[in-house]
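Asks: pasting the sequence and the predicted coordinates here, then a few questions.
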Amino acid sequence: MTEHTSSLNHEQFVLLMIALVIIYLLYRIAIRLQLSKAKHPSLLGHAKMSKQVAKLLPYYRYNDARVFNCDNAPEHIAAQRQASFNDLKERLTRLSPNSIAASKKLEGKLSDVDFTNRYRVPFQFRAFMHNEMPIGLMADTTSGTQIRDLDGNWSYDLTGAYGVNLYGYDFYKECMDEGIAQTRELGPALGPYHPLIINNTDKLKDISGLDEVSYHMSGTEAVMQAVRLAHYHTGKKRTVVFCGAYHGWWDGVQPGIGNPRKVHDVYTLKEMSNDTLRVLKTRKDIACVLVNPLQALNPNGGSSSDSMLIASDRSAHFDKEAYRAWLKALREICTKKNIVMIMDEVFLGFRLAKGGAQEYFGVQADMVTYGKTLGGGLPVGVVCGKAELMKRYKEHKPTDICFARGTFNAHPYVMGAMNAFLKRIEQPKYLIEPERLDKQWNTRARVMNEVFQEAGIPIKVANMASVFVPMYTQASRYNWMYQYYLRAEGLLLPWIGTGRFIFSHNYSDEEFETVIKRMVAAGIAMQHAGWWWQAPALTNKSIKRDVLRELVKTKLSAKSKLANLS
């Protein structure tokens, strides 16, 4: 009897262990499924998969004839396009011979130039455009809202100096001159701080609403330090970034395409999603969440670029109240779960308000990173954070530290230009009032859209304050050509083409009106050239299907050649 009972007890114990293992496995599966559900269904939401797909895609190029009729346009339309292309090339070459010649001297020497020159347009057109449509990359003078190339041509600047130029170039030149004048006697001394750092630090504490500050040489470095400190103090190993967001080129926040290293500690989740909030509520391994408020303009979408503009399905839309509600929900969960909320304002900081996105959306982060414009025209990165998160050591563990230094951190000249910047933005004429800002730039975007519509140009824009994203309303393979017509009209674009227009806030109504007129002139030239030729069968879906066929055909052809060789 005892033996029988013992046997039963043993069997029951085994069954109990099996049941517990099954329950645990089911729990782990549920948690994993919950995480999968919180990922965006696009490739941007699946970093590992996107890298694998990128490796599989074959390269091919259109020949000279196919460049002008890859949408199967009639012969007379293709001829019309080619004639207009030749005229445009001749015009741009005639306008800027010195700038183009100087730019060519960098090819094969400056790797940034080789990269950007090849990623201005979809890759099928890359070789042709690189050979046939040279671009001048040089400038020698700026004034107000304009920039001058080596041939004396003035263009309205729509690059915003990639986020630096908020108040106009003269503003920053004055900041730099004033800053250097204050720090020249110290020169490049590193180690001792220039006393201006005291005032800068106090002002940044006030602006950010946080306790302590650290200085770095770039926005990427600032993000690196913020994430490292979050992991150090929480003892957790995972970082959450949102689909499509950019936080610099450091491996630790760039798990997808562009980073050759395998990244295992980053979750890329959907922004503005309850699925994501559920993951944050239930997981215990998340150290920090990174928010780039610029993504409010295109949540879960990558940075718009003409290199990816194979059809007309670029999208952007800004709903301030919806994004504000999302950030507040995110803030609440981060507080409850001891997750560090990091607001990455490297690009957007100070553009929306003196207090940045925190003030604009009414949300207080645990840490904030700044860069770009804050340096007053010189390179800088800054982290502001709560005191308990900024400490780089642990009181009772003398060798347990979170190291971060940089030889040029808090360089005297940078501190000087920053000080001039921080003092100036307190003046009434530079003070940004969010409501007035929204009204001004939303009105300008509305007027631009109305003018485009009246002119019959298939473009509309969405904006977040002075950052505009153009979208194309008619299916086309050639929207990326618009960037070259804009250049010919005296409008300077970033290397991503029409992906984003960044206006400085010193644009007058008259200057903005001039920009619209030039955009319309460029659009009309595009229309007359036949680039926006339309056929009933031409849709975004049909364009993507055709490109997919080309990719598959190229891939199969490559495999066939390899098989024949073997």
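Replies: Right, received. Where do you want to start?
Asks: can you map out the helices along the stretch 451-566 of the chain?
Replies: With DSSP state H, counting those that start in this stretch as the definition, the stretch 451-566 of the chain shows helices at residue ranges 482-488, 509-529, 540-565.
Asks: what pLDDT, on average, does the shortest one get?
Replies: Right, helix 482-488. Mean pLDDT, helix 482-488: 97.
Asks: ok, now stretch 492-506?
Replies: For stretch 492-506, mean pLDDT is 95.
Asks: returning to what we had before: give me whichever of the helices of the stretch 451-566 of the chain is most buried.
Replies: Ranked by mean neighbour count, the helices of the stretch 451-566 of the chain are led by helix 482-488 with a mean of 23 (mean count of other Cβ atoms under 10 Å). (C-beta placed from N, C-alpha, C; glycine too.)
Asks: residues making contact with it?
Replies: 88, 91-92, 95, 120, 133, 135, 155, 158, 306, 459, 470, 493, 497-498, 518-519, 522-523, 525-526 (Cβ atoms under 8 Å, 6 or more residues apart in numbering).
Asks: now render the helices of the stretch 451-566 of the chain as a markdown table, adding distance to Y370.
Replies: Shown next, in a markdown table, are the helices of the stretch 451-566 of the chain (distance: least, Cβ to Cβ, whole Å):
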| stretch | distance to Y370 |
| --- | --- |
| helix 482-488 | 30 |
| helix 509-529 | 27 |
| helix 540-565 | 38 |
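Asks: for those helices, which one sits closest to I22?
Replies: helix 540-565 (42.7 Å; Cβ to Cβ).
Asks: T399 looks like it's in a strand, true?
Replies: Yes: counting by DSSP: H, G, I helix; E, B strand; the rest coil, T399 is located in a strand.
Asks: can you count the residues close to it?
Replies: Neighbourhood size, T399 [other Cβ atoms under 10 Å]: 6.
Asks: mind checking pLDDT for T268?
Replies: pLDDT, read off for T268, is 94.
Asks: next one: phi and psi at it?
Replies: Dihedral angles of T268 (phi, psi; degrees, to the nearest 10) stand at phi -100, psi 110.
Asks: what residues are up against it?
Replies: Taking Cβ under 8 Å, 6+ apart, we find T268 in contact with K39, H40, L44, G45, H46, A47, V240, V241, F242, C243, P255, G256.
Asks: now do M415
Replies: M415 is in contact with G179, T183, Y193, H194, L196, I197, N200, counting by Cβ under 8 Å, 6+ apart.
Asks: would you double-check that it falls in a helix?
Replies: Yes: using three-state DSSP, the assignment for M415 is a helix.
Asks: would you mind measuring from it to H10?
Replies: M415 is 74 Å from H10, where distance means Cβ to Cβ, to the nearest Å.
Asks: W480 now?
Replies: Using Cβ to Cβ, we find W480 at a distance of 72 Å from H10.
Asks: so between these two, which is more surrounded?
Replies: Comparing W480 with H10 by other Cβ under 10 Å, the one with more neighbours is W480, at 24 against 10.
Asks: what's the burial count for the residue lying closest to that one once chain neighbours are set aside?
Replies: Using Cβ to Cβ, 6 or more residues apart in numbering and skipping residues adjacent in sequence, the residue nearest W480 is D306, 4.1 Å away. Neighbours of D306 under the rule other Cβ under 10 Å: 23.
Asks: please renumber so the chain begins at 18
Replies: All right, first residue 18 from here; so that's D323.
Asks: so what's D323 scoring on pLDDT?
Replies: pLDDT at D323 comes out at 94.
Asks: need the next SSE after the one helix or strand E349 maps to, C-terminal direction.
Replies: Applying DSSP states H and E as the criterion places E349 in helix 337-353. Once the chain leaves helix 337-353, the next helix or strand it forms, by DSSP H and E, is strand 357-361.
Asks: export that next one to CSV, keeping only CA atoms.
Replies: Extracted in CSV, the C-alpha atoms of strand 357-361 (Å, rounded to 0.1, in the frame of the first residue of the first chain):
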residue,chain,number,x,y,z
VAL,A,357,13.4,55.5,-18.7
MET,A,358,11.6,57.7,-21.2
ILE,A,359,14.2,59.4,-23.4
MET,A,360,13.1,62.3,-25.7
ASP,A,361,15.4,62.5,-28.6
